[in-house]
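Chemist: Task: produce atomic coordinates for the following.
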Amino acid sequence: MKKVLFALSFVLMGLSANAQMKTIQPKYQAGDHAVYQYESTTSLTMESPITIKMTNAEDYTIREANADGYVIDVVKKDFKIEGAEGNIMAQLLTLGQGFVEGLTIKLKADASGKIVEILNKDEVSAHINSKADAAVEGMLASIPQLSGQVSKEDLKEQLLEQASIESLLNSYQNNPNIFALNGKTVMTGTVDSYENQMGMKMNRLFMVKGNQVKTSGSLNLSKDELKELILSQVPPEQAEMVRQNIDAILGSGQIKAEMKEDATYEYLDNGWVSSITVEEKADMMGQQQSGTTKVTLTEHSW
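Modeler: Below you'll find the model as predicted:
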């Protein structure tokens, strides 16, 4: 056994010695302009499994660049959804994605390119709220039976969970996108923690090779956090009964809480991203979801 551990330690030392390190700190210039195409496919396993396809372009312009950081204009455009028609769950998951279409979002980044603030958050918030109101009215008109099952306020709240200022800022800081890794110094084998777009705590392992960075994220919940997650999904009238039996429920292995997010980032020498590919899988208490996303640089000014 000691020989095995001794040999393993040499292997790990070799990996550490050969591991590449990369500091992700793009040197944006005022006037830089780039357009990226986003394509994603999401499959939901429910009573009637569905597949949703979403595409859009995102336009990025560096408005200011100085020693303290950057001001970056972002505009989402040409947003399209296929496969969500007539499905309430699918619409709740996708409608909010288009709430900022056509709106200029002004992002503040520090000197490393990490997004730290949405500068015009009041304007963006007002725009999102207006879009949410219109979306709720549209859903209730197209699916009349909804009005007897959920209030306008609750429906709007569910839509805003994925489109609030907080979730929007988190998406630029943590979800796979061209800014997500800015400011990080990583090498193969390093691990960090982040919160994904569903608000779940994740651990992420890095692998570095030249201008390529791969990340492998997985759910990181303590037993108590998992209990609270389960209880948050239970109808109020059943919560106390489930709470009393939660240890037995977890011990049975019948309830799963698994989530994976693997991404590959390809960087140009100037620090801009050339492409991102993402694969996601989740099995949360019987609700299964999987998806792929591809981000491609299609236009640039340099």
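Chemist: Low-confidence ranges, the stretch 51-200 of the chain, go.
Modeler: 86, 88-89 (pLDDT under 70).
Chemist: For it, which segments are assigned as strands?
Modeler: 69-82, 104-110, 115-118, 185-187, 191-195 (DSSP state E, counting those that start in this stretch).
Chemist: Ala30 contacts Val71, doesn't it?
Modeler: No. Applying C-beta atoms under 8 Å, one finds Ala30 not in contact with Val71, separated by 9.1 Å. Yep, even glycine has a C-beta here, placed from its N, CA and C like the rest.
Chemist: Now tell me what touches stretch 104-120 from outside.
Modeler: With contacts defined as C-beta atoms under 8 Å, 6 or more residues apart in numbering, stretch 104-120 is touched by 24-26, 28, 63, 67-75, 124, 165, 168-169, 172-173, 179, 182-183, 271.
Chemist: Please convert the buried members of the residues you listed into PyMOL selection syntax.
Modeler: A single PyMOL command suffices to select whichever of these are buried according to 16 or more other C-beta atoms under 10 Å:
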select buried, resi 24+25+26+28+69+70+71+72+73+74+75+124+168+169+172+173+179+182+183+271
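Chemist: quick revisit: quick one: common contacting residues for Ala30 and Val71?
Modeler: Counting by C-beta under 8 Å, 6+ apart, the contacts common to Ala30 and Val71 are 62-64.
Chemist: Mind listing what's buried along stretch 252-265?
Modeler: The neighbour-count check on stretch 252-265 (16+ other C-beta under 10 Å) flags 255, 257, 259, 261-263, 265 as buried.
Chemist: ok, and what's touching it?
Modeler: Outside of stretch 252-265, the residues within contact range by C-beta under 8 Å, 6+ apart are 176, 180-181, 196, 198, 200, 202, 204, 212-219, 221, 226, 229-230, 249, 273, 275-286.
Chemist: cool, stretch 228-248 as well?
Modeler: Residues outside stretch 228-248 that contact it (C-beta under 8 Å, 6+ apart): 221, 227, 249-250, 255, 257, 285.
Chemist: Cool, thanks, signing off.
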